[in-house]
Each structure stands twice: as structure tokens, then as C-alpha cells.
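Undergrad: got a predicted structure plus its sequence, pasted below:
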Amino acid sequence: MKKRKYNVAVVGVTGAVGQEMLRVLEARRFPVDQLVPLASKRSTGKRTQFKGKPITVRELTKDSFTKVDIALFSAGGGISKKFAPFATKAGAVVIDNSSTFRMDKTVPLVVPEINAADVIKHKGIIANPNCTTIVTLMALHPLHLAFGVKRIFASTYQAVSGSGAMGIVELEQQIKALAQGRKVKKEVYPHQIAFNALPHVDVFLENGYTREEMKMENEGRKIMHLPRFRASTTCVRVPIYRAHSIAVNAEFIKPVSMGAARRTLKKMPGLDLVDNVSKNQYPLPLDVAGKNNCTVGRLRKDRAMKNGLSFWIVGDQLLKGAALNAVQIAEVLTEANQ
């Protein structure tokens with residue numbers, strides 16, 4: 001059967017994730033008929049590329065979604081909250097990369113390798129999970145299916161590009177300033193990020209955790225359909241440009257076999273196992289940046305927990321943590337329409 005083509009809007013097309021969405025749509029040969037590139041008024045008229053051809057950015061308005069089938073949103077929560085209802089009213093299905101709708105009980109929260117079946121439950125909006133949650137669950141969920149996860153302790157090491165383009169600029173400017181003996185400027189982060197590590201991603205909550213840290217538990221429960229899943233997470237911003245890393249200590253219901261764990265992870269689509277410490281082979285952000293697959297390694301039995309397993313997983317937060325996952329959701333939608 002010949003594939004139907006879809007009119008696709010990309011909201012926030014000039015941003016880092018928006019640009020990756022264009023590249024992913026092209027690379028995966030998504031059946032785009034008309035592409036509608038949308039951004040704020042100040043970006044209107046700018047030129048970008050899709051399939052080797054220049055396209056002109058249009059201003060996002062409430063009337064932007066006429067004849068649009070799928071709208072990929074990555075322009076921040078405020079924009080999603082304001083404009084997603086206009087898109088759905090016009091008949092488009094919204095795939096939203098912000099946190100606005102993630103915990104809405106009527107909105108599916110989807111990682112296609114894990115819970116693609118939830119897509120068909122949508123009522124016009126599908127949420128893309130948090131980037132560190134996606135990357136972590138790419139390894140945790142198959143292990144859960146094998147052993148039954150109870151809880152995890154996780155520490156994340158998050159690249160500055162997770163803060164947007166200005167995070168990259170601030171790191172670059174601070175490195176140059178320090179090399180030249182000048183005082184560093186701090187605008188994006190409350191402390192110097194160059195040659196530093198900040199245990200502070202997102203805003204602090206009354207329970208002492210940050211909002212980013214709570215996403216691991218809250219979103220993990222929803223995606224894996226595990227209301228009793230527990231996660232204690234510390235999120236750290238580190239001075240690297242791209243790809244997030246997570247150190248995970250997981251406790252399971254069943255005893256963990258290292259052989260079974262390796263076989264399980266090798267079978268997971270979108271996940272590579274790189275784990276040969278005798279040759280210093282393990283996942284590195286430099287190796288994973290720009291790649292679709294997440295990479296897991298440093299597998300070992302946890303010495304502090306019964307039925308525990310420790311591992312290290314790395315994923316490109318702009319791709320699997322955002323743009324790629326969103327386009328994969330769109331692919332599930334199109335397959336349901338075949």
C-alpha cells in the first residue's frame with residue numbers, strides 16, 4: 001500500500017531541537033507532503049533547509065495549523081500551552097516536547113520502544129518525555145521486563161546544550177575568559193559552568209529535589225505503567241556540549257543474572273551495549289553525540305542492594321531525548337493509519 005503523505009508543522013523550528021527535527025524527518029524519510037516551519041515573530045523570514053531546499057520560517061499564530069496533520073512542538077511550555085489547543089482544534093495531532101502535558105492523565109507519554117501502544121489513546125496531544133527519563137528507560141525498561149524493577153538511584157551528568165544554545169555559548173565564553181585571565185560572566189547558570197559541575201538542573205521543590213529530578217520517578221511510572229516505581233535522582237550539569245550520561249543503581253524483584261541482563265539489553269531496539277572494561281570500552285558522550293542509539297555499559301551486580309544491577313547509559317538528548325523520539329511517535333501514528 002502506498003504511504004499517505006502528511007502535512008507536518010514544526011513549532012520552534014529555529015531552535016536546536018527544531019533543527020534536529022528537520023534532519024530526523026529527512027533522514028528517516030518521513031512521508032512529508034507540506035512542511036510548515038513555525039517560530040516566533042522575531043524569527044519570521046529566516047531561512048533554513050529541508051531536503052536540500054531552502055524554506056522560509058513563518059510566524060506562529062493561532063491560524064498556522066490549517067490542513068496540518070501532525071504538529072511537532074519544541075518551543076517551550078508556554079508556547080505549547082497557548083498554541084497546542086489551536087492545532088488540535090484545526091485537526092492536527094500535537095506531539096509536544098515540553099513538560100506541559102506530560103502528567104495530564106488524558107495525554108499519552110510515549111517512548112515508542114517501550115509503550116507505543118499508548119499512542120492510539122491520544123485525544124489530540126501526545127507528550128514527549130524528559131530527555132534523561134527517555135535515555136534511562138531505554139536500558140531500565142528491558143531489564144524491568146526481565147527482572148521486575150522496584151526502585152533506582154540515579155545520578156545524571158547533563159550537557160550544557162540541554163539548556164539550549166545559550167548554555168553552549170556560556171560555556172565557550174567562560175573557557176575563553178579563563179584562558180585569557182578575565183572574569184567569567186554568569187547568565188544561564190547561577191555558578192561558573194566551565195571546569196565545574198553543578199548539582200542543580202531546573203528549579204528546586206519543597207522536598208529538596210529539583211523538578212528535573214522528580215521527572216524520573218513521575219514520568220517513569222507513567223511510561224512503564226508502574227505506579228509503585230521509585231527513583232531517587234540527582235541531576236548534575238557538566239561542562240560538555242552534547243549527550244547526557246546517567247549512572248544507575250537499580251533494584252529488582254527477581255535475582256539478576258549478568259548473562260541474562262546482557263542478552264536482554266542486546267535485544268533492545270535503539271540501544272547498543274558497549275561493555276568491555278579490559279579494553280577500556282564503555283559509553284562516552286563524545287562517541288554518542290549525534291547518534292540515534294543510546295549506549296549502555298559498565299554492567300555489574302550492585303554491592304549495596306539485593307537483586308541489584310549498576311549500569312552507565314549515555315544518549316544524545318537532542319536526538320533520542322527529544323527530536324528522534326518525537327518523530328518516532330509520528331511514525332507510530334502513521335502506521336496506525338495504514
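TA: All right, it came through fine. Numbers count the residues shown, from 1 in each chain.
Undergrad: can you give me the pLDDT of the nearest residue to Gly148 once chain neighbours are set aside?
TA: With sequence-adjacent residues excluded and distances taken as CB to CB, 6 or more residues apart in numbering, Gly148 is closest to Ile253, at 3.5 Å. No exception for glycine: its C-beta is placed from N, CA and C like everyone else's. pLDDT, Ile253: 98.
Undergrad: what of Lys2?
TA: 48.
Undergrad: tell me the domain boundaries of this structure?
TA: Structural domains assigned to the chain are 6-128+322-336, 133-316, following automatic domain parsing.
Undergrad: reformat these as JSON lines; add mean neighbour count.
TA: Listed next are those as JSON lines, based on neighbours: other CB atoms under 10 Å:
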{"stretch": "domain 6-128+322-336", "mean neighbour count": "19"}
{"stretch": "domain 133-316", "mean neighbour count": "18"}
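Undergrad: show residues contacting stretch 43-60.
TA: Here stretch 43-60 makes contact (CB atoms under 8 Å, 6 or more residues apart in numbering) with 11, 13-14, 19, 22, 25-26, 35-41, 64, 75, 79, 83.
Undergrad: mind checking which of those land in strands?
TA: Of these, the ones assigned to strands by DSSP state E are 11, 35-39.
Undergrad: report the two of those residues separated the most.
TA: Greatest spacing in the ones in strands among the contacts of stretch 43-60, by CB to CB: Leu35 and Ala39 (13.1 Å).
Undergrad: any residues in contact with both of these two?
TA: Counting by CB under 8 Å, 6+ apart, Leu35 and Ala39 have no contacts in common.
Undergrad: am I right that Gln173 sits in a helix?
TA: Yes: under DSSP: H, G, I helix; E, B strand; the rest coil, Gln173 falls within a helix.
Undergrad: touching, it and Lys183? I think so.
TA: No: with contact defined as CB atoms under 8 Å, Gln173 and Lys183 do not form a contacting pair (11.3 Å).
Undergrad: show me the longest helix that occurs in the chain.
TA: For the chain, the helix reaching the highest residue count under DSSP state H is reported as helix 131-147.
Undergrad: tell me how far that helix is from the chain's mean position?
TA: Put simply, helix 131-147 sits 13 Å off its chain's centre (CA atoms, centre = their mean, to the nearest Å).
Undergrad: go on, stretch 74-92?
TA: When C-alpha coordinates are averaged (CA atoms, centre = their mean), stretch 74-92 and its chain have centres 19 Å apart.
Undergrad: same check, this time on stretch 194-203
TA: With CA atoms, centre = their mean, you get 19 Å for stretch 194-203.
Undergrad: now do it: distance from first to last residue.
TA: 21 Å (CA to CA, to the nearest Å).
Undergrad: identify the residues contacting that stretch?
TA: So stretch 194-203 is in contact with 156-158, 162, 171, 174-175, 178, 184, 189-191, 210-213, 234-239, going by CB under 8 Å, 6+ apart.
Undergrad: out of those residues, which are inside strands?
TA: Counting by DSSP E, the part of the contacts of stretch 194-203 found in strands is 156-158, 234-237.
Undergrad: so which residues of this structure form strands?
TA: Using DSSP E, strands in the chain cover 6-11, 32-39, 47-50, 53-56, 58-59, 70-73, 93-96, 125-127, 149-158, 230-237, 244-252, 271-273, 294-301, 308-315.
Undergrad: next, format those as TSV and append distance to Asn218.
TA: Formatted as TSV, those follow (distance: least, CB to CB, whole Å):
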stretch	distance to Asn218
strand 6-11	25
strand 32-39	29
strand 47-50	34
strand 53-56	37
strand 58-59	34
strand 70-73	20
strand 93-96	16
strand 125-127	12
strand 149-158	13
strand 230-237	9
strand 244-252	16
strand 271-273	23
strand 294-301	21
strand 308-315	19
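Undergrad: residue contacts, the residue sitting furthest away from the middle of the chain?
TA: Taking CA atoms, centre = their mean, the residue of the chain most remote from its mean C-alpha position is Gly181, at 36.6 Å. By CB under 8 Å, 6+ apart, the contact set of Gly181 is empty.
Undergrad: local confidence estimate at it?
TA: pLDDT, Gly181: 97.
Undergrad: cool, Ala323 as well?
TA: On the pLDDT scale, Ala323 is placed at 97.
Undergrad: likewise for the one 5 residues further on?
TA: Listed pLDDT for Gln328 reads 98.
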